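Q: here is a sequence with its predicted model. Questions after.
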Amino acid sequence: MTNALTVAQWNGNFLVGIWMKAFFTLVFVLLSSSSFATEQAEQLFNQLKPSLYQIKLIDKASGEKSSIGSGFQISKDGIIATNYHVISSYALHPKKYRIEYFDSDGNTGLLALQSVDVINDLALVKREVDPVSSDDITFFQLSSAAPHKGEKLFSLGNPHDLGMIVVPGTYNGLKKESFNQRIHFTGSINSGMSGGPVVNKQAEVVGINVATSGNSIGFLVPHDKLVSLYQTFLQAPPESIEHQMTAQLTANQNKLMTAVLNSPWQAKALGNHGVIPIIDVPFIRCWGDSNADKTDALILTAVANCSLDENTYLSSRFFTSTMDIEFRYMQAKDIGANKFYHLYQQQIAHAGSGNRAGKNNVTQYQCHHDLVMPDNQMINNKSVFCTRAYKKFPDLFDVLYLSASIDKNKQALVSHFTIAGINQENALAFTRKFMEAVSWN
Amino acid sequence: MELVKEEFVTEEMGARELVIEEISRNHKLLHRHKFDKASINIGRDYHNDIIIADPHICPSHISIDFINEQWQITDNQSVNGTFVENPKEKKREANQHIVRDGDVITLGKSQLRLLFSDHAVEPTVAFSPFESFINFLRNPIALFISIACFTLVAGSIIYFNKPIEVNFSQLLVPAIGMALGFSLWPAGVALISHLTKHDARLMAQLGVSFALFNLMWFSDILKTIVTFNSSSNNILPIFVTLTSIILAFSLFWLNSYIGFHMSSKRRLVVSTSLTVLLFGGSYLIQYSKKPEFDPRPHYNASIMMPSFLLTKSSKVDEFIKDSSKLFDRTKKEALTE
């Protein structure tokens, strides 16, 4: 998200320039357009208010709410759409919590979890509807087409438990370089608005509030993800939410790893003699750094870091579907090989996992280490492979690989990756390809 | 022949001698007296044969007399009495007691052990090969070399692990500090043996301890080389760990050999307990610090410069095959919890 922030600052400077040039014109234009927008928003809000809900997760033991979000009804029979992360605690610990809604008339009631899409952060919950009075129930229409760039949209939700509000904003296309699509929405989305709908001027849902990166940059789940979740639910409701989540996580990592393994891996030089693979897919982005400016450093270090810029939220303490790759080239300056290797060992002694996970979610890591030379005999490494298994989602693992070259006296190449939520076959296929792609030139 | 033998026996009987040892409460020898007369007086005043400066003892406390070929104790109506103890019997009044070899009598707060001159002594202990080894190590030149070697290794370890540029004195000071710190152990042992009325033998303790400290450095380096060259399938590193346990045991054994006179069985027990205390204690400390769940992996990534590489590397296939076994293991763990 660092990138997104820099862009925002640049836009700000640009706006100041215009301000200086055409002060009065701009004031007029801004005032008129904002008053028009307010009027439109108010009208839309009043029209949609009865189908908007605040979703509360109540901790059964204490009787108090443990998380809040927003939701909106999408069918006559009481199906309400929201974010998975709003009800995630219930999905993982259904005995500990209950889900409640709170509508615009001040009514509350119980909700039942029907189906989830963890990858796109969506969930369907159901409210009991009285069949007699169901005729005058209003609900949101899902849009049939994606909005066009620059289109005015309205985000609805209940930020910080302050009451339902409407926020006007602009559609800015899909987020660039993302593996799972998100809409880039320019408008303030705050916590608590998660799961609320974003509608166009025709009051059709085009997205669902999901995340923010501050400074009016918001992210939405595209409406078609909700459409397909709802359609699948109508055809065959899931037998168990846990099985459904396992299947979705497995399918997602398969999709990701198929894309990664079948993309070109470009050999790139790192430091003076290192050769590392750069996976040529848009959703893996690389950054670099070195200590070339530090003249007193004993070791010249250059680091390249490539990672998947997104993850999957399972609970506040458990994230998955992350992927981080790091390469480190080191060269001794004025020190002997023995000292170089002592300092080098300190550098590789403390690799950690790339995703947050706790005792209830995963086992402890188990590791294997060996001296390994790929068939091309270009490099000789000390390699470590560690893995831990998921407790609730069978056949998914977090893996960690770390390899340190041991064949040059005053140069070293470290290659390291962590992948979260992957199956055995993909993990080993990736590891094999990765090991053979790192070498000296 | 007969006659000569007869005379010899009579002479032995007539010259019956009594050895009286003043001993401490834990039966350590303080003074030894040998008497060749028929009546021995013991008490606090200066007429006595044995003068004991114990305020609980009367001026003329007891006398031991040679009557009818036997030594008999007479308590001179002392204030606090006299008691006799024998390993075989309970403590009882000593008045009119016929002395047997090895009796211990208690007067006031002091103790005396009574021995006949034919009391059997322990067999002679031959100089063990350790003695010459210890003598070699306590030689000032050998001792200097050991300590210098230790300081050098300590200094180089500090040098190798400092991520910044360091000068000579920045290494020398902590290295000498480390040598001084480690010399506290042999000094402490010497002090304890001095306090327990043994020979301190500081030089021998220093020599032996530093020689073993150096061997421990060496076994550490050996261990690093072995771990560097082996995969997690290899059990050799475990055997190398055993050498450090054996070295620690040897150190404690030699420390007690030099510093204390004790039976070999007792020495074995003492040095084993110290070794168990050291390794078991450090294991317990590690175990108690271990969190219930650790999100970080624990792996062995020991690396050394290429000249220490002694084995042939595995192929990627073998590594993948070995790593694949981890999946089943962790999966099983996930199911059992």
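A: Alright, I've got the coordinates.
Q: contacting residues for residue A:115?
A: Residues near residue A:115 by C-beta atoms under 8 Å, 6 or more residues apart in numbering or on different chains: A:123, A:124, A:229, A:232, A:233, A:237, A:238, A:241, A:244. All C-beta spots, glycine's among them, are computed from the backbone N, C-alpha and C.
Q: quick check: phi and psi on the fourth one?
A: In terms of degrees, to the nearest 10, the main-chain angles of residue A:232 are phi -60, psi -40.
Q: residues contacting it?
A: Taking C-beta under 8 Å, 6+ apart, we find residue A:232 in contact with residue A:115.
Q: measure it to chain B for me?
A: 28 Å (C-beta to the nearest C-beta, to the nearest Å).
Q: same check, this time on the first one
A: With distances taken as C-beta to the nearest C-beta, residue A:123 is found 25 Å from chain B.
Q: with the third one instead?
A: As for residue A:229, its distance to chain B is 28 Å (criterion: C-beta to the nearest C-beta).
Q: tally up the residues packed near that residue, please.
A: By the criterion of other C-beta atoms under 10 Å in any protein chain shown, residue A:229 has 20 neighbours.
Q: doesn't it lie inside a helix?
A: Yes: counting by DSSP: H, G, I helix; E, B strand; the rest coil, residue A:229 is part of a helix.
Q: go ahead and confirm it touches residue A:119.
A: No: with contact defined as C-beta atoms under 8 Å, residue A:229 and residue A:119 do not form a contacting pair (10.3 Å).
Q: I'd say residue A:67 and residue A:58 touch.
A: No: Residue A:67 is beyond contact range of residue A:58, at 9.5 Å (criterion: C-beta under 8 Å).
Q: strands along the stretch 301-441 of chain A, start to end?
A: A:312-315, A:318-320, A:323-332, A:366-372, A:381-389, A:397-405, A:411-422, A:439-440 (DSSP state E, counting those that start in this stretch).
Q: direction included, what does the first one pair up with?
A: What that stands for is strand A:312-315. In the sheet, strand A:312-315 lines up against strand A:318-320 (antiparallel) (DSSP bridges).
Q: mean confidence score for the partner strand?
A: Over the span of strand A:318-320, the pLDDT mean works out to 94.
Q: what lies in contact with that strand?
A: Outside of strand A:318-320, the residues within contact range by C-beta under 8 Å, 6+ apart are A:249, A:311-314, A:355-358, A:361, A:390, A:396, A:398, A:420-421.
Q: let's see the pLDDT reported for residue A:5.
A: Among the per-residue scores, residue A:5 holds a pLDDT of 29.
Q: which parts of the stretch 201-337 of chain B are helices?
A: Secondary structure of the stretch 201-337 of chain B by DSSP state H, counting those that start in this stretch: the helices cover B:202-229, B:236-259, B:264-289, B:316-336.
Q: which positions in the third one come out as buried?
A: Of the residues in helix B:264-289, those buried by neighbour count under the rule 16 or more other C-beta atoms under 10 Å in any protein chain shown are B:267, B:270, B:271, B:274, B:275.
Q: distance of the third one from residue A:199?
A: In this case it means residue B:271. 82 Å (C-beta to C-beta, to the nearest Å).
Q: do the same with residue A:316
A: For residue A:316, the distance to residue A:199 (C-beta to C-beta) stands at 29 Å.
Q: now do residue B:176
A: Distance of residue B:176 to residue A:199, given as C-beta to C-beta: 77 Å.
Q: so residue A:402 bridges to which residues?
A: Bridge pairing for residue A:402 - DSSP bridges - gives residue A:384, residue A:416.
Q: would JSON lines of the strands of the stretch 301-441 of chain A with mean neighbour count be doable?
A: Formatted as JSON lines, those follow (neighbours: other C-beta atoms under 10 Å in any protein chain shown):
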{"stretch": "strand A:312-315", "mean neighbour count": "21"}
{"stretch": "strand A:318-320", "mean neighbour count": "22"}
{"stretch": "strand A:323-332", "mean neighbour count": "22"}
{"stretch": "strand A:366-372", "mean neighbour count": "22"}
{"stretch": "strand A:381-389", "mean neighbour count": "26"}
{"stretch": "strand A:397-405", "mean neighbour count": "25"}
{"stretch": "strand A:411-422", "mean neighbour count": "24"}
{"stretch": "strand A:439-440", "mean neighbour count": "18"}
